[in-house]
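Asker: Quick check, what structure comes out for this input:
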Amino acid sequence: MSPGIFAMFILGFFWKKTTSNAALFATIGGFILSIIFKKLPDWADLSFLASTGFSIPNPTTGIYEIPFLDRMGFVFAICIIGMIIISLIDNKRGVVPAGLEVDTTMFKPHKAFLIGALIVALLVTALYSIYW
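Answerer: From the prediction side, this is the model:
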């Protein structure tokens with residue numbers, strides 16, 4: 001599931017035209033694609049990918065599988081491409097992506113939070129120094 005979430009964050013942060021439909025595709029589609037790529041060796045013979053290094057035989061079963069990091073890379077690339085296509089289609093239909101409005105007061109913590117954080121930090125420090 002992580003490649004879809006990562007694709008969603010990357011495009012959400014760095015491409016202002018990303019829409020919520022594209023983010024939803026990356027979240028759900030990334031999970032589904034990860035499952036499909038994991039189960040793909042059960043449905044198809046992937047030995048033809050061995051010459052490129054995108055499949056290796058499982059030592060116990062001998063079935064050719066796509067290595068984990070390669071699977072995650074494929075899912076990430078598909079999610080990015082899908083998000084771009086969905087966002088472009090949404091933008092042509094007139095969907096305006098609603099970005100966050102950032103105000104400097106959003107980053108100013110309240111005094112109650114600062115006091116609570118200080119108490120928690122002191123408690124953790126005390127527990128570590130007593131029980132370590």
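
Asker: Next secondary structure after the lowest-mean-pLDDT helix or strand in the chain?
Answerer: None of the helices or strands of the chain scores lower by mean pLDDT, DSSP states H and E than strand 56-57, at a mean of 79. Of the helices and strands lying after strand 56-57 in sequence (DSSP states H and E), the nearest is strand 64-65.

Asker: Against which helices or strands is the helix or strand following that next one packed?
Answerer: Scanning forward in sequence from strand 64-65 by DSSP H and E, the next helix or strand is helix 68-92. Other elements packing on helix 68-92 under the criterion 3 or more C-beta pairs under 8 Å, 6 or more residues apart in numbering; DSSP states H and E are helix 2-14, helix 20-43. Where you see a C-beta, it was placed from the backbone N, CA and C, and this is true even at glycine.

Asker: Just the CA trace of the helix or strand just after helix 68-92, in PDB.
Answerer: Using DSSP H and E, the helix or strand that follows helix 68-92 towards the C-terminus is helix 111-131. Provided in PDB are the C-alpha atoms of helix 111-131 (Å, rounded to 0.1, in the frame of the first residue of the first chain):
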ATOM      1  CA  LYS A 111       0.400  27.500  25.700                       C
ATOM      2  CA  ALA A 112      -1.500  24.500  27.000                       C
ATOM      3  CA  PHE A 113       0.100  22.300  24.300                       C
ATOM      4  CA  LEU A 114       3.600  23.600  25.200                       C
ATOM      5  CA  ILE A 115       3.000  22.900  28.900                       C
ATOM      6  CA  GLY A 116       1.700  19.400  28.200                       C
ATOM      7  CA  ALA A 117       4.600  18.600  25.900                       C
ATOM      8  CA  LEU A 118       7.000  19.800  28.600                       C
ATOM      9  CA  ILE A 119       5.400  17.600  31.200                       C
ATOM     10  CA  VAL A 120       5.400  14.500  28.900                       C
ATOM     11  CA  ALA A 121       9.100  15.100  28.100                       C
ATOM     12  CA  LEU A 122      10.000  15.400  31.700                       C
ATOM     13  CA  LEU A 123       8.100  12.200  32.600                       C
ATOM     14  CA  VAL A 124       9.800  10.300  29.800                       C
ATOM     15  CA  THR A 125      13.200  11.600  30.900                       C
ATOM     16  CA  ALA A 126      12.500  10.600  34.500                       C
ATOM     17  CA  LEU A 127      11.300   7.100  33.500                       C
ATOM     18  CA  TYR A 128      14.400   6.500  31.400                       C
ATOM     19  CA  SER A 129      16.800   7.700  34.000                       C
ATOM     20  CA  ILE A 130      15.100   5.600  36.800                       C
ATOM     21  CA  TYR A 131      14.600   2.300  34.800                       C
END
